[in-house]
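Engineer: build me a structure from this.
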Amino acid sequence: PYTLRIVSDILESNGSSSMATVCGGTLALLDAGVPIKEPVAGIAMGLIKEGERVMVLSDILGLEDHLGDMDFKVTGTKNGVTALQMDIKIGGITADLMRQALNQAREGRLHILDRMAATLSAPRTKLSAFAPRIFTMKIKQDKIRDVIGPGGKMIRSIIAETGVKINVEDTGDVSIAAVDEESAQKAKDMISRLTEEVEVGKVYLGTVRKIMDFGAFVEILPGTDGLVHISQLAHHRVKAVSDEVAEGDQIMVKVLEVDKQGKIRLSRKEAMPAPTAPAAG
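Structural biologist: Predicted coordinates:
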């Protein structure tokens, strides 16, 4: 999901700034952990021609570019050429001169690649700490409204708490862009909690939201409550719900049933260790 842009700021130059950009750009990509196939280097070739006297120059300086007859840029990997560009001030060059220029360019390119490899020969296995992270996840389409929330309230709260950018498609595809892995994972966990479906038989850490005479309503997932009947609060007989729990308490509960209307029946005692029998005698 990444779009990559390399910015090369040339502060001073007495040679080919574009070929320096190719070499520096390759090292930047490797340092960022971008999985490029092969490192690329470039070199600018020149030509001085006076009558029958000809000289092909490698890695020309600014003066040689200005006074010379050719600026021939060649980029490539150790396996071959990837791009060519030529400016020429004379009527043309022969095939032999082109062959000579390409051969010299190859020697120079391989030399530069060797020097680059001494610094960094392959992409770093870990993405740069300064590279933005983009995570993708899939949610059910009927859960999109839970992630967005009324008027976008829920998704805005996730963004505000984590500092990420979130895009939710109608298909249920969610992309999370973050400056670091920790904040992206936090946002991902929050979305997973919002879209998680209740599993019968699973034990959850829930928060008591409301106490009634007949039991307590416990939130086990964001926006998802279930009822713990008074008979399911403890292994012993409970006279009053408030004797066992209070609003705001966090308790372990087990999902006993989800009926056709989506009502959830919970048990606290099923999530508690069984009482030990009193010692005989």
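Engineer: switch to C-alpha atoms for all contacts and neighbour counts from now on
Structural biologist: Fine.
Engineer: ok, and the closest non-adjacent residue to Ile134?
Structural biologist: Ala177 (4.4 Å; Cα to Cα, 6 or more residues apart in numbering).
Engineer: check which residues of the helix or strand where that neighbour lies are buried.
Structural biologist: Taking DSSP states H and E as the criterion, Ala177 maps to strand 173-178. The neighbour-count check on strand 173-178 (16 or more other Cα atoms under 10 Å) flags 174-178 as buried.
Engineer: wait, doesn't the residue nearest to Ile134 sit right on Gln185?
Structural biologist: No. Counting by Cα atoms under 8 Å, Ala177 sits too far from Gln185 to count as a contact (10.4 Å).
Engineer: what residue ranges in the stretch 151-281 of the chain score low on pLDDT?
Structural biologist: 277-281 (pLDDT under 70).
Engineer: and the helices in it?
Structural biologist: Secondary structure of the stretch 151-281 of the chain (DSSP state H, counting those that start in this stretch): helices located at 153-162, 181-195.
Engineer: ok so, going back, closest to Gly92 out of the buried residues of strand 173-178?
Structural biologist: Using Cα to Cα, Ala177 is the member of the buried residues of strand 173-178 that lies nearest Gly92, at 51.7 Å.
Engineer: who touches the longest helix along the chain?
Structural biologist: Under DSSP state H, the helix in the chain containing the largest number of residues is helix 95-119. Residues from elsewhere that reach helix 95-119 (Cα atoms under 8 Å, 6 or more residues apart in numbering): 23, 27, 39-45, 56, 58-59, 74-78.
Engineer: pull out the buried members of those residues.
Structural biologist: Buried, going by 16+ other Cα under 10 Å: 23, 27, 39-45, 56, 58-59, 74-77, out of those.
Engineer: inside helices: which ones of these?
Structural biologist: Reading helices off the buried ones among the contacts of helix 95-119 with DSSP H, I get 23, 27.
Engineer: among the buried ones among the contacts of helix 95-119, which two are most distant?
Structural biologist: Leu27 and Val56 (28.1 Å).
Engineer: grab the nearest non-local neighbour of Val208.
Structural biologist: Nearest to Val208 is Val218, by Cα to Cα, 6+ apart, at 4.4 Å.
Engineer: quickly list what the one you found is bridged to.
Structural biologist: Val208, Gly226 (DSSP bridges).
Engineer: may I see the buried residues of the helix or strand harbouring Thr136?
Structural biologist: Here Thr136, judged by DSSP H and E, is contained in strand 133-138. By neighbour count with 16+ other Cα under 10 Å, strand 133-138 contains the buried residues 133-135.
Engineer: same check, this time on stretch 194-207
Structural biologist: Within stretch 194-207, judged by 16+ other Cα under 10 Å, the buried ones are 194-195, 198, 203-204, 206-207.
Engineer: got phi/psi on the nearest residue to Ala240 once chain neighbours are set aside?
Structural biologist: Counting by Cα to Cα, 6+ apart, Asp213 is the residue found nearest to Ala240 once chain neighbours are left out, at 7.1 Å. Main-chain torsions, Asp213, degrees, to the nearest 10: phi -60, psi -30.
Engineer: how close does Asp213 get to Val228?
Structural biologist: Distance, Asp213 to Val228, using Cα to Cα, to the nearest Å: 11 Å.
Engineer: so which of those two has more stuff around it?
Structural biologist: Counted by other Cα atoms under 10 Å, Asp213 and Val228 do not tie: Val228 has more neighbours, with 26 against 11.
Engineer: need the contact list for the more buried one.
Structural biologist: The contact partners of Val228, by Cα under 8 Å, 6+ apart, come to 215-218, 265-268.
Engineer: that one and Ile148, how far apart?
Structural biologist: Applying Cα to Cα, the value for Val228 to Ile148 is 29 Å.
Engineer: over to Gln261?
Structural biologist: Distance, Gln261 to Ile148, by Cα to Cα: 23 Å.
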